[in-house]
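# what follows is a protein structure lacking sequence information:
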């Protein structure tokens, strides 16, 4: 049966469509990443919260201003200082075991170099002196003697750290390639983790909506009578409520309940409105199919209505289910982003919507890495799915030649 | 003895509309049709599109529930039976459809389509189903490996053979053939008709053969019912079709058939006007508006279907009552 499907005319036509195959590959990559996060424990929620660098570190393709370099050095230097000294009641007290503290010092995958605490302390004092000297300048860009001093300071600070090994180096590169947000969290890690949220919301809502929608639609179209009236009444009522208002209302309703903070409120809100599309389409298709002669032949044999619905009607609406599935998938991802942007969607952990809404202030200051990364990843997924939907429609819908 | 006796069969389709979906009008598809079929006989039903011949065929095997009238099959009244009680008769009465492209489920293999009903009715023990279906596939003239293929891999004629195999698989006594050759090429039509004839002899079938093609009816059937707008206007034996036909509508149908003679260039007899609306039946004979021999009484009352010799009944005031 499955082998037959892959050899069917529709599947062959689909395989010939190069762009569609490319977008399918891209979608599979996204899904693989999501699976690796969910099943393979590639990233945990905590990873996305870890501070990996100074605030608002530009991404790999960003340029650094003098002020920004100065701020970054300040951040790294403070990390070392914190490992060596401890503030208590306004007094600065050396730590009792600086070796241990230095070993724990970790910024992303950049680790503390091998240290002699005494030498390190000396070097910290040297760096702090240089730092304070630089702080004297009012405008860092304007003074010609600033740059050599800054470079010397950077060398000093860099000596505290040792780049991680091959794998660690790669993940370090990955973590910082998108830069960091205002809390110093890796944008790349957060954006990648958001794939999991998006795919989860997309798959679950699309699956449930298709299931509910096609069963209701097929039953309404096939049985007619009061079932039809009921289903039509249901979807007319639901579709007359503005989508976003309903979603907002539901999101508020779930606030404070035991499901608060999980994805379940989002699933419920989306499934309540998303089943309407497939329900309409499949009801229409069923109205057409039930008059076909093979359905009458099945009646003439004596099969019951439910059997005919299951065996002869539903399988023949499968192409519509496919197409609607990918449409709903995109719809769910986009709505999730919108809802999270409004602060009603994902509560714990990152989502592209949250990232975009957070980046509002940053963009004004020239840090577009956060909004850029989130949008680029979302754009890739949505575009690939749109192309896939189109290709599916071309390949499997007999009316769409 | 008559295997099927139909008396005053009426089928109306309500048309819903307006506020709260009231019944606003009715399609009068079949308006009091009576006939019988002897066991082993082939009864043709002929008429133009929309005259109710398919509705008649589907009502007889209870694909549609008749509005009124009686259907006696082997002495059993079918018109009032429910789904369960109908079950034994479902096995005995089957149907072959017109459109070979919509009569097969595109997602079921040929074998699955034929075996479905066999298993449901337990026609043969479960272990023998595969063999049984395979024999049927070969019997209707399909290739032996056809069973594993899907309908779209076949031509129209081959699909019609599959449809026939599906109907025959239940070992029925009675088959409604609802325009089984109308959608096929002429050469294929002959093949399918010959196949039906062979199978009729072999399985001892009784057939209600619906068609709009008088030539096919004449070739294939024993008797023919001529229908017009839900009424039977004439019933006559096929071997005397040309000589015996008296009703103006039957004669018009015969006249509209091209003659097998290239030198005969007379213009074909064409009926003027169009069929009255089945929503709003005229009083009297439905054919009156187009009839060349219309009398005054034709537009007042429907003429009764009266016997006019052996196997010949006719409903027309214009036919001389003395010769009746």
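Arrived safely. Everything quoted here is computed from the prediction, not taken from an experiment.
# contact residues of chain B facing chain A?
Selection of chain B residues close to chain A by Cβ under 8 Å from any Cβ of the partner chain yields B:58, B:61, B:63, B:83, B:86-87, B:90-91, B:93-95, B:97-99, B:102-107, B:113, B:116-117, B:120-121, B:150, B:152, B:163, B:166-167, B:170. Quick note: C-beta positions are derived from backbone N, CA and C, even for glycine.
# show me what from chain A comes close to chain B.
Counting by Cβ under 8 Å from any Cβ, the positions of chain A adjacent to chain B are A:4, A:9, A:292-294, A:296-304, A:311-312, A:315-316, A:318.
# the most centrally placed residue in chain B in helix, strand or coil?
When Cα atoms, centre = their mean is applied to chain B, the residue found nearest the centroid is residue B:210 (2.7 Å). Of the three states, residue B:210 takes strand under DSSP: H, G, I helix; E, B strand; the rest coil.
# name the residues linked to it by a beta bridge.
Bridge pairing for residue B:210 (DSSP bridges) gives the partners residue B:45, residue B:178.
# I figured it hits residue B:54, correct?
Yes: using Cβ atoms under 8 Å, residue B:210 is in contact with residue B:54, at 6.2 Å.
# what residue ranges in the stretch 51-200 of chain A score low on pLDDT?
Scanning the stretch 51-200 of chain A for pLDDT under 70 picks out A:60-64, A:96, A:98, A:100-115, A:142, A:163-168.
# strands of that one, start to end?
A:85-88, A:91-94, A:106-107, A:110-112, A:161-162 (DSSP state E, counting those that start in this stretch).
# with the stretch 151-300 of chain B instead?
Using DSSP E, counting those that start in this stretch, the strands found in the stretch 151-300 of chain B span residues B:174-178, B:206-211, B:223-228, B:231-237.
# residue of the stretch 151-300 of chain A closest to chain B, please.
Closest residue of the stretch 151-300 of chain A to chain B, Cβ to the nearest Cβ: residue A:293 (3.9 Å).
# check what pLDDT that residue gets.
Model confidence at residue A:293, given as pLDDT, is 92.
# could you point out the longest helix of chain B?
If you go by DSSP state H, chain B has its longest helix at helix B:186-203.
# so what touches that one?
B:42, B:139-141, B:156-157, B:160-161, B:164, B:168, B:171, B:177, B:180-181, B:184, B:205, B:207, B:216, B:219-220 (Cβ atoms under 8 Å, 6 or more residues apart in numbering or on different chains).
# pLDDT weak spots in the stretch 51-200 of chain B?
For the stretch 51-200 of chain B, applying pLDDT under 70 flags no range at all.
# point me to the helix or strand that includes the residue in the stretch 1-150 of chain B that chain A sits nearest to.
Using Cβ to the nearest Cβ, the single residue of the stretch 1-150 of chain B nearest to chain A is residue B:90, 3.4 Å away. Using DSSP states H and E, residue B:90 falls within helix B:83-92.
# now that helix: buried residues?
Applying a neighbour-count criterion of 16 or more other Cβ atoms under 10 Å in any protein chain shown, one finds B:86, B:89-92 buried in helix B:83-92.
# and for stretch B:112-132?
Residues of stretch B:112-132 classed as buried under the neighbour-count rule (16+ other Cβ under 10 Å) are B:112-118, B:120-121, B:123-124, B:129, B:132.
# with secondary structure and distance to residue A:249 added, can I get those in CSV?
Converted to CSV, these look like this (DSSP: H, G, I helix; E, B strand; the rest coil; distance: Cβ to Cβ, whole Å):
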residue, secondary structure, distance to residue A:249
B:112, helix, 48
B:113, helix, 50
B:114, helix, 54
B:115, helix, 53
B:116, helix, 48
B:117, helix, 51
B:118, helix, 55
B:120, helix, 49
B:121, helix, 54
B:123, coil, 58
B:124, coil, 60
B:129, helix, 56
B:132, helix, 61
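# so can I have TSV of those showing distance to residue B:18?
What follows is the buried residues of stretch B:112-132, written out as TSV (distance: Cβ to Cβ, whole Å):
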residue	distance to residue B:18
B:112	44
B:113	41
B:114	45
B:115	46
B:116	41
B:117	41
B:118	46
B:120	41
B:121	43
B:123	47
B:124	52
B:129	51
B:132	52
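# please, where are all the helices along the stretch 1-150 of chain B?
Here the stretch 1-150 of chain B has its helices, by DSSP state H, counting those that start in this stretch, at B:53-60, B:83-92, B:110-121, B:129-139.
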